[in-house]
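>>> okay, predicted coordinates and the sequence, questions at the end:
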Amino acid sequence: MRRVAAALASLVLSVSAGGNRALSHAPSLSLLRFSPNGRYVLAQDDSSIMVLTVQPFAFLFRIPAENALPAQFTPDSQQIVFVSSATHASSQRIDIVRSPPRVERWRVANQARVESTQVRLPPCGTQALSPDGSTVVCVDFGGTLHLVDVLSGQTIFERAKFGRQILIEDSALTYRYEYGDPASAIIQFSPDGDFIVAAPEGWMAVGSPVGFDLRQEKPMKLEGKLKDLEHFVFAFAGPTRLIKAYLDLLDPAVTAAVIAWPSGKVLMKTKIPGGGLLFQATDPGFILVRPFGQAAFSDPQAKRSAATELTTGNVIISETPALDVLGNHYVTQLTDGRVALYERGRPEPVATIRLDVSSDPECRTH
């Protein structure tokens with residue numbers, strides 16, 4: 001225990017807690033995300049996307065988003081895009097939505113939906129949308145990878161047996177073991193939307209990673225340390241770097257490789273907290289880990305998250321899954337339900353807002 005505590009203490013920059021009193025109407029957020037220009041934040045829960053302004057830190061408008069994939073700002077910060085009516089799958093359950101998935105596009109300036117395009121996809125175990133909302137990636141339950149153009153509905157690229165399952169059994173059928181989940185994958189778009197990299201997910205994953213250049217509409221040959229991504233978790237950190245790590249929930253700190261994209265050359269190595277998966281932060285100098293900490297090993301509902309600064313190894317820890325960093329600020333949800341804007345290095349938030357689903361949000365600036 002001393003080794004665990006010491007390793008984590010050497011990484012931590014600041015901790016966001018915010019008290020233990022739960023607000024009865026405060027939504028539990030799955031995502032907080034800065035716009036690339038730093039002017040807005042989106043906050044997503046199970047049924048809606050709420051858009052906030054940063055200066056002042058205040059509620060702007062709400063988007064209905066039932067059964068939606070994680071939303072994102074377009075690279076120019078002018079719009080929000082997401083897939084609604086999406087199939088959700090996990091190791092415990094699969095939620096098949098009867099209505100076809102749609103790619104929705106909302107303009108921030110006039111707070112209105114400007115496009116809703118139906119996309120014909122097979123039921124997907126894993127799916128993702130490009131930052132500009134133009135391409136959907138789906139891995140179906142048979143392990144086929146599909147890249148689909150949203151507007152035309154045409155398949156850009158398809159890879160059969162991208163994910164596979166292997167069955168091992170003895171001749172007497174006394175032993176039977178299956179490993180590999182054909183539909184489970186990590187799919188990452190570069191922040192500019194020019195590239196896709198995908199790999200089967202899990203330490204016993206069966207299959208090979210795929211790279212695709214959306215500008216030239218052709219698959220890429222993955223080079224160097226990008227060749228074995230199926231055995232790791234990974235995420236982009238800006239358009240020219242990809243972070244790769246073998247995360248262990250029982251290890252307080254693991255080594256991550258910062259790899260040049262697309263050359264595959266290792267630029268540096270850094271320590272990040274052990275956890276579940278890696279996610280892009282809006283700030284390319286950080287990487288997000290979620291879930292974070294040893295509690296996630298025994299509790300699938302564990303919700304802590306962490307953001308690591310790649311050059312220093314400093315870590316911001318949140319007791320909730322919603323966390324993002326941009327420049328000198330980070331945003332997270334506190335355990336009492338409020339959303340808080342922090343200045344890095346300061347223990348108290350600059351401003352907080354309570355997103356109450358039963359009434360108008362309340363904002364309080366410190």
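Arrived safely, thanks for sending.
>>> just the helices in this structure please.
Read by DSSP state H, the chain holds these helices, from start to end of the chain: 2-9, 295-298.
>>> among the ones you listed, which gets the worst mean confidence?
In terms of average pLDDT, helix 2-9 trails the rest of these, at a mean of 42.
>>> so for stretch 217-224, mean pLDDT?
For stretch 217-224, the mean pLDDT works out to 96.
>>> sorry, that was for stretch 122-138
Per-region confidence: stretch 122-138 scores 95 on mean pLDDT.
>>> what does stretch 46-62 give?
The pLDDT scores in stretch 46-62 average 96.
>>> report the buried residues of it.
Burial within stretch 46-62, assessed by neighbour count using 16 or more other C-beta atoms under 10 Å, is assigned to 48-52, 54, 57, 59, 62. Yep, even glycine has a C-beta here, placed from its N, CA and C like the rest.
>>> also stretch 138-158?
Neighbour counts using 16+ other C-beta under 10 Å place 138-148, 150, 156-157 of stretch 138-158 among the buried residues.
>>> dump it to PDB, restricted to CA.
Once non-C-alpha atoms are left out, stretch 138-158 reads as follows in PDB (Å, rounded to 0.1, in the frame of the first residue of the first chain):
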ATOM      1  CA  CYS A 138     -19.200   0.900 -37.000                       C
ATOM      2  CA  VAL A 139     -17.900  -2.500 -36.000                       C
ATOM      3  CA  ASP A 140     -20.800  -4.900 -36.200                       C
ATOM      4  CA  PHE A 141     -21.400  -8.000 -34.100                       C
ATOM      5  CA  GLY A 142     -19.800 -10.200 -36.800                       C
ATOM      6  CA  GLY A 143     -16.600  -8.300 -36.500                       C
ATOM      7  CA  THR A 144     -16.800  -6.300 -39.800                       C
ATOM      8  CA  LEU A 145     -15.500  -2.700 -39.700                       C
ATOM      9  CA  HIS A 146     -17.600  -0.300 -41.800                       C
ATOM     10  CA  LEU A 147     -16.700   3.300 -42.700                       C
ATOM     11  CA  VAL A 148     -19.800   5.200 -44.000                       C
ATOM     12  CA  ASP A 149     -20.200   8.600 -45.500                       C
ATOM     13  CA  VAL A 150     -23.000  10.300 -43.700                       C
ATOM     14  CA  LEU A 151     -24.500  12.500 -46.500                       C
ATOM     15  CA  SER A 152     -24.400   9.900 -49.300                       C
ATOM     16  CA  GLY A 153     -24.900   6.800 -47.200                       C
ATOM     17  CA  GLN A 154     -22.200   5.100 -49.200                       C
ATOM     18  CA  THR A 155     -19.600   2.700 -47.700                       C
ATOM     19  CA  ILE A 156     -16.200   4.200 -48.000                       C
ATOM     20  CA  PHE A 157     -14.300   1.200 -46.700                       C
ATOM     21  CA  GLU A 158     -15.100  -2.200 -45.200                       C
END
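>>> which pair in the buried residues of stretch 46-62 spans the largest distance?
In terms of C-beta to C-beta, those reach their longest pairwise distance at Ser48 and Val54, which sit 19.5 Å apart.
>>> ok, now which ones touch Val331?
Counting by C-beta atoms under 8 Å, 6 or more residues apart in numbering, Val331 makes contact with 32, 34, 41, 322-324, 339-342.
>>> just those now: which is nearest Thr282?
Closest approach between the contacts of Val331 and Thr282, by C-beta to C-beta: Phe34, at 4.2 Å.
>>> show me what contacts that closest one?
Each residue near Phe34 by C-beta under 8 Å, 6+ apart is listed here: 40-41, 54, 73, 282-283, 324-326, 329, 331.
>>> ok, now with 6 Å
41, 282, 324, 326 (C-beta atoms under 6 Å, 6 or more residues apart in numbering).
>>> narrow those to those that are buried.
Applying 16+ other C-beta under 10 Å to the contacts of Phe34, the neighbour count classes 41, 282, 324, 326 as buried.
>>> what is the nearest of these to Ser190?
Thr282 (13.7 Å).
>>> re the thing from before, so which of the contacts of Val331 are in strands?
When strands are assigned by DSSP state E, the members of the contacts of Val331 inside them are 32, 34, 41, 323-324, 339-342.
>>> pLDDT added to those, as JSON lines?
As requested, these are exported to JSON lines (pLDDT from 0 to 100):
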{"residue": "Leu32", "pLDDT": "98"}
{"residue": "Phe34", "pLDDT": "98"}
{"residue": "Val41", "pLDDT": "98"}
{"residue": "Leu323", "pLDDT": "97"}
{"residue": "Asp324", "pLDDT": "98"}
{"residue": "Val339", "pLDDT": "97"}
{"residue": "Ala340", "pLDDT": "98"}
{"residue": "Leu341", "pLDDT": "98"}
{"residue": "Tyr342", "pLDDT": "98"}
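>>> which of the residues you listed sits closest to Arg113?
Top of the list for closeness to Arg113, among the ones in strands among the contacts of Val331 and by C-beta to C-beta, is Val41 at 19.4 Å.
>>> Ala245: how many residues sit nearby?
Each residue near Ala245 was counted by other C-beta atoms under 10 Å, and the total is 24.
>>> that one: what's it in contact with?
The contact partners of Ala245, taken as C-beta under 6 Å, 6+ apart, are 233, 254, 256.
>>> low-confidence ranges, the stretch 251-366 of the chain, go.
Low-confidence segments of the stretch 251-366 of the chain, defined by pLDDT under 70: 295-302, 357-366.
>>> still on that earlier bit, give me the subset of the buried residues of stretch 46-62 that lies in strands.
Using DSSP E, the buried residues of stretch 46-62 in strands are 48-52, 59, 62.
>>> take these and write them to CSV, including distance to Glu348.
CSV is the format used below for these (distance: C-beta to C-beta, whole Å):
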residue, distance to Glu348
Ser48, 28
Ile49, 27
Met50, 23
Val51, 25
Leu52, 19
Phe59, 21
Arg62, 28
